[in-house]
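[1] have a look at this prediction, sequence included:
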Amino acid sequence: MVASNKTKQLFIIRHAKSSWDSPTIKDFDRPLNNRGLNDAPEMGRRLFERKINPDFIIASEANRAKTTAMLIAKEINFPIEKINFSKETYHSSVREMIKLINQIDNEYSTVFLFGHNPTFTELAEYLCDDAYGTLPTCGIVGIELTVDSWQYVSASCGKEIYFDYPKKG
């Protein structure tokens, strides 16, 4: 990876509200419920209105995160076929997420990362040295990183520049 002088921004996005209607469906396969299917496009529209656009998207392969990523991508005009679906974001630790982030190509300045709690709340707190409680479903934390290369992302290297979630309005 070649270091870049461009500021790096990471948007940590928790999947939208999912369905618990079927006790037989595996956690990985759970779909979004009606609220989630409405919230994800709404959050995409909010990002679009603020002209927040990613250069790269990484999303968990779990159905609820995958669907959230695709719905938001559609609203911000990001090509769905360019989303990088990753197994590493499902049931991962903060340490594993940092390893994944450290491997992002430096040609990308703004990255959207879609996944799951509790890891995503912990990741935001780790990077910003701030407390979020619990990142709500379809919640988004935008972080400006104080590093010029993804490989240097580590504890307390960022500051929150954006925080939104569906009920915030």
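    Yep, that arrived.
[2] could you report the neighbour count for Leu37?
    16 (other C-beta atoms under 10 Å). For glycine as for every other residue, the C-beta is placed from the backbone atoms N, C-alpha and C.
[3] for Glu61, see how far away the nearest residue to Glu160 once chain neighbours are set aside is.
    Leaving out its chain neighbours, the residue that sits closest to Glu160 by C-beta to C-beta, 6 or more residues apart in numbering is Cys128, at 5.2 Å. Distance of Cys128 to Glu61, computed by C-beta to C-beta, to the nearest Å: 26 Å.
[4] and the two? Which one has more around it.
    Cys128 (22 against 13).
[5] look up how far Ser19 lies from the more buried one.
    On the measure of C-beta to C-beta, Cys128 and Ser19 end up 31 Å apart.
[6] hmm, the residue nearest to Glu160 is touching Ile143, no?
    Yes: look at Cys128 against Ile143 with C-beta atoms under 8 Å: they come within range, at 6.0 Å.
[7] where do the contact lists of the two overlap?
    Common neighbours of Cys128 and Ile143, counting by C-beta atoms under 8 Å, 6 or more residues apart in numbering, are Gly158, Lys159, Glu160.
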